[in-house]
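1. When you get a sec, could you give me coordinates for this:
(2 chains)
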Protein chains: 2
Amino acid sequence: MNVILAADIGGTSCKLGIFDEELNLIEKWEIPTDISEEGSHILADVHDSFRSKEESLNFKVEESLGAGLGMPGPVDFEKGILNGCINLNMKGKRSIATTFRELSGAATIVDNDANVAALGEQSRGAGHGHSEVVMITLGTGVGGGVISGGRLIHGTGGSGGEIGHITVDFDGRFQCNCGKKGCLETVASATGMVNLAGYHSDDYENSVLSAAVKEGTLTSKAIVDAAMTGDPLAEFVVEEAARYLAAAMSNISVITNPGYFIFGGGVSRAGRYLTDKIKKYYDTLIFPPAADDMEIAMAELGNDAGMYGAATLVKQYLIKK
Amino acid sequence: MNVILAADIGGTSCKLGIFDEELNLIEKWEIPTDISEEGSHILADVHDSFRSKEESLNFKVEESLGAGLGMPGPVDFEKGILNGCINLNMKGKRSIATTFRELSGAATIVDNDANVAALGEQSRGAGHGHSEVVMITLGTGVGGGVISGGRLIHGTGGSGGEIGHITVDFDGRFQCNCGKKGCLETVASATGMVNLAGYHSDDYENSVLSAAVKEGTLTSKAIVDAAMTGDPLAEFVVEEAARYLAAAMSNISVITNPGYFIFGGGVSRAGRYLTDKIKKYYDTLIFPPAADDMEIAMAELGNDAGMYGAATLVKQYLIKK
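-> As a prediction, this is how the structure comes out:
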C-alpha cells in the first residue's frame, strides 16, 4: 500500500499518523518523547513506531511515499536541519531529514511545528484547501504560518510566518523573548494579556484581577473569563489584544492577502468573543479592496493539525506528479 | 525566432520590448498612449507596434511564446481583467488578456505595473534572481511587489504586495486615497513627506521650507534637498519617513522574509542618504533571526523594469517546461 508517514514531534509526546496518497488518515497514535541524552533517541523511536504498524497496515516504511516531520524549533526547510531546540533538549544544528532518511530508507521532509500546523489546517481543516491562508496560534507565544499559492512561505532565512514578531506596540512597553520590544507576542499571547493587565491594573483598582496581578499569579484564562463577566480591566485587556491582532492582520492582508485567517491555540478558546472584537478593529484598519473575500475561522483539527500538515508536505514535495 | 512580447502600458507612453526565451532584450522602443475614447485604442496600438517589428526581427506575433502586459491599475491576475484605470481613462472591468489574445493570436498574461516592475527587478535587476524579494517604489504613492519562491504574491483578491497600505501611523493623522488613515503611503511617499512637513512645520519656525509649506507649494524633492543641507524640519521629516519605512519592512520580514528590499521611484533618488536612515531604524525593529541575509538595494532597471517583468511573467506562466 502507498502510504505517507507523518509525525508531529513535541516536547512531551509525538503524534504519529499514516495517511494514504489523498491525505486520508488511515491510523493515528501517540508515543512519549524521550528527550534524554540530548534527544538522541527521538528519531529512532519514531522510526520504530512506524515499523510496528507495517504488518497490520500492510506497508513498508522504505517503500512509503515519504515521511514528513514537524519539529518544535527553527528549521532550515531546504536542508532539513533543526537549529537547536530547547523543548527536545537538542543543542546546535541537527540534520533531521538526512538522519531520518538513513534510519528509515524513506524520503524525508522537515518543517517547524507552527508551519506544519498551519499547512494542516489549510489543507484538511478550517482553510478548506483555499490557496491563501494565514494561521495565528495564540498560546504562551503567538505562532504563525503563512500559505500562499497553497505552499508555506519560508523566506530567505526561515523567518517567513513568524507573525508573533510583527511590531504592533510602537511604545515597546514589553520585552519579547526574541530580543526586541513591541512584538505582537508581547501584547496578544497568553503572556501578552498578562503583561497588559499588569501594566494597566492601577487604572482599574476594583478589578477582580487585582489580587492575582499583585501576586503574579494571573493567567490569560482568568482574564478572558473575567472579561466575559464584565470586569473593566479584563475587558480593556481583551480589547487591546484584539486591536493589536487586528493591526497585524491588516498588515498581513496587504502583503499576502489571505482568504482565511485561522485562529488556534489556547487563547483562541475565547472563540467568537475574541474574534468579534478582532473583526471590529480589523474593519477600521483594513485596506478596503482586501476586505472582501476574507474570513476569520477557528482551527478545526486541534492537536492533529501538525500531523496533517507534515503529511501534506510529503504530498507537495516528495510525491512526483 | 522564438520571442516574448512585453509591454509596460502607462498613462503617457507604452514601453515595448521583444525578448528571447532567456529574457535577453532584443529590441525596445516606446509609443505614445492614446487614452481617447476610454482607452479603446491602446491594445490595438500596442499590437500594431509589435507587428511592425515582425519583418526586421524575423518573428510572427501569433507564433510568439506569449505577450506580457503591465497595466497601471488593479488587475485580477487569474482572469486577466483590469478593474478600472483612471490613468488610461478606462472605466469598469476590461478583459485585457482575452482582448489582446483575440487581436494578436498570442497567449497573453496581464498584471499591474507595480507587480511587473518588482518582478523585473527581481529577475533581471537589483534582485539578481534571488527567489525572495520585495520592491518598494517611493513616488507620489508607495507601490510594491512581493515575490516569494520567485513568483509574485497576488493573494486572494489581488491585494498582495499593496505595501503602501500597511498601517504604520497608528495616530492616523493623514487620510489615504484608499479610504483609511495611517497607511505607509501617507507618511513615506512624496505626498507623505509633504504631509509630515506641514504637520510639524510649527515646531521648526526657521526652516527654509516654511514659506513653501504656507504657500502649499512644497515638494518632496525640496524636503530631501533641504535635509541634506541640514535644515532641521527637513531632517526630521526624512527621519520620520525612514522610521515608518523601517517599521513596514520589519513587519514584512517576519511574514515573507525577503533577502532583498529593492527601492525604486522618485523619492528613492535620495539614495544612501535615505537608506542609511532606514537601516538605522530597521536594525532596532527587526526580528533578530531575520536580520541576517537581508540586503537593501536600489532599483537598477529604471523605467524598463516593468517591461522586463512583463516578459518574465510570460516565461513563468506561458512557456511549457
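
2. For burial, what's the neighbour tally of A:Ser210?
-> If you count neighbours by other CB atoms under 10 Å in any protein chain shown, A:Ser210 ends up with 17. Every residue, glycine included, has its C-beta placed from N, CA and C.

3. Outline the domain layout of chain A.
-> Segmentation of chain A into domains, based on automatic domain parsing, reads A:3-119, A:129-299.

4. deepest of those, which one?
-> The highest mean neighbour count among the domains of chain A, using mean count of other CB atoms under 10 Å in any protein chain shown, belongs to domain A:129-299: a mean of 21.

5. quick one: that domain to chain centroid distance?
-> Chain-centre distance of domain A:129-299: 13 Å, with CA atoms, centre = their mean, to the nearest Å.

6. coming back round to it: let's have the domains of chain A in a markdown table, adding distance to chain B.
-> Shown next, in a markdown table, are the domains of chain A (distance: least, CB to the nearest CB, whole Å):
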| stretch | distance to chain B |
| --- | --- |
| domain A:3-119 | 7 |
| domain A:129-299 | 2 |
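
7. Make TSV from those and add mean pLDDT to it.
-> What follows is the domains of chain A, written out as TSV (pLDDT from 0 to 100):
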stretch	mean pLDDT
domain A:3-119	96
domain A:129-299	94
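
8. Could I get the full set of helices for the stretch 1-150 of chain A?
-> A:36-39, A:42-51, A:54-57, A:96-104, A:113-124 (DSSP state H, counting those that start in this stretch).

9. With distance to B:Ile4 added, can I get those in TSV?
-> Shown next, in TSV, are the helices of the stretch 1-150 of chain A (distance: least, CB to CB, whole Å):
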stretch	distance to B:Ile4
helix A:36-39	51
helix A:42-51	48
helix A:54-57	51
helix A:96-104	38
helix A:113-124	34
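
10. Contact partners for the residue lying closest to A:Phe287 once chain neighbours are set aside?
-> Counting by CB to CB, 6 or more residues apart in numbering or on different chains, A:Phe287 lies nearest to B:His165, which is 4.0 Å off, once chain neighbours are set aside. By CB atoms under 8 Å, 6 or more residues apart in numbering or on different chains, the contact list for B:His165 reads A:254, A:287, A:290, B:159, B:176, B:178, B:180, B:183-185.

11. next one: A:Leu196
-> Contacts of A:Leu196 (CB under 8 Å, 6+ apart): A:187, A:236-237, A:240-241.

12. Of these, which pair is most distant in space?
-> A:Val187 and A:Phe236 (12.3 Å; CB to CB).

13. show me what contacts A:Ala242?
-> Contacts of A:Ala242 (CB under 8 Å, 6+ apart): A:274, A:277-278, A:280-281.

14. do that again at 7 Å, thanks
-> Counting by CB atoms under 7 Å, 6 or more residues apart in numbering or on different chains, A:Ala242 touches A:274, A:277-278, A:281.

15. Make TSV from the contacts of A:Leu196 and add secondary structure to it.
-> Output for the contacts of A:Leu196, formatted as TSV (DSSP: H, G, I helix; E, B strand; the rest coil):
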residue	secondary structure
A:Val187	helix
A:Phe236	helix
A:Val237	helix
A:Glu240	helix
A:Ala241	helix
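
16. For chain A, which segments are assigned as strands?
-> A:3-9, A:13-20, A:25-32, A:66-71, A:75-76, A:81-85, A:90-95, A:108-112, A:133-138, A:142-148, A:151-152, A:260-264, A:295-298 (DSSP state E).

17. what's in contact with the second one?
-> Just to be clear, that refers to strand A:13-20. A:2-8, A:25-33, A:46, A:49-50, A:53, A:57, A:303-304, A:306-307, A:311.

18. and that strand, which strands flank it?
-> Applying DSSP bridges, strand A:13-20 is found paired with strand A:3-9 (antiparallel), strand A:25-32 (antiparallel).

19. next one: the fourth one
-> Based on DSSP bridges, the pairing partners of strand A:66-71 within the sheet are strand A:3-9 (parallel), strand A:108-112 (parallel).

20. Out of those, which is closest to A:Gly264?
-> strand A:3-9 (13.2 Å).

21. ok now the closest one, how far from the chain's centre?
-> Put simply, strand A:3-9 sits 17 Å off its chain's centre (CA atoms, centre = their mean).

22. With stretch A:13-21 instead?
-> Relative to the chain's own centre, stretch A:13-21 is displaced by 18 Å; criterion: CA atoms, centre = their mean.

23. re earlier: nearest to A:Ile42 among the strands of chain A would be which one?
-> The closest of the strands of chain A to A:Ile42 is strand A:3-9. By CB to CB, the value is 6.4 Å.

24. any idea how far the most centrally placed residue in chain A lies from A:Ile136?
-> In chain A, the residue lying closest to the centroid (CA atoms, centre = their mean) is A:Ala114, at 3.0 Å. Separation of A:Ala114 from A:Ile136 (CB to CB, to the nearest Å): 10 Å.

25. Same question for A:Gly145.
-> 9 Å.

26. Identify the residues contacting A:Ala297.
-> A:126, A:260, A:262.

27. The same query, at a cut-off of 8 Å, please.
-> By CB under 8 Å, 6+ apart, the neighbours of A:Ala297 are A:126-127, A:260-263.

28. before we move on, back to that, out of the strands paired with strand A:13-20, nearest to A:Ser220?
-> Of all those, strand A:3-9 sits nearest to A:Ser220, with 23.6 Å by CB to CB.

29. Could you export the closest one as CSV, keeping only the C-alpha atoms?
-> What follows is strand A:3-9, C-alpha atoms only, in CSV (Å, rounded to 0.1, in the frame of the first residue of the first chain):
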residue,chain,number,x,y,z
VAL,A,3,1.3,5.5,2.4
ILE,A,4,2.6,8.8,3.8
LEU,A,5,4.2,8.8,7.2
ALA,A,6,3.7,11.9,9.3
ALA,A,7,4.9,12.8,12.8
ASP,A,8,4.4,16.0,14.8
ILE,A,9,7.2,15.8,17.4
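
30. Just want the angle from that strand to helix A:113-124.
-> Strand A:3-9 and helix A:113-124 meet at an angle of 140 degrees, taking axes from the mean of the first three to the mean of the last three CA atoms, to 10 degrees as the criterion.

31. What sits closest to A:Asp8 if chain neighbours are left out?
-> Excluding its sequence neighbours, the residue lying closest to A:Asp8 (CB to CB, 6+ apart) is A:Gly306, at 3.2 Å.

32. Having no further points to raise, I will conclude here.
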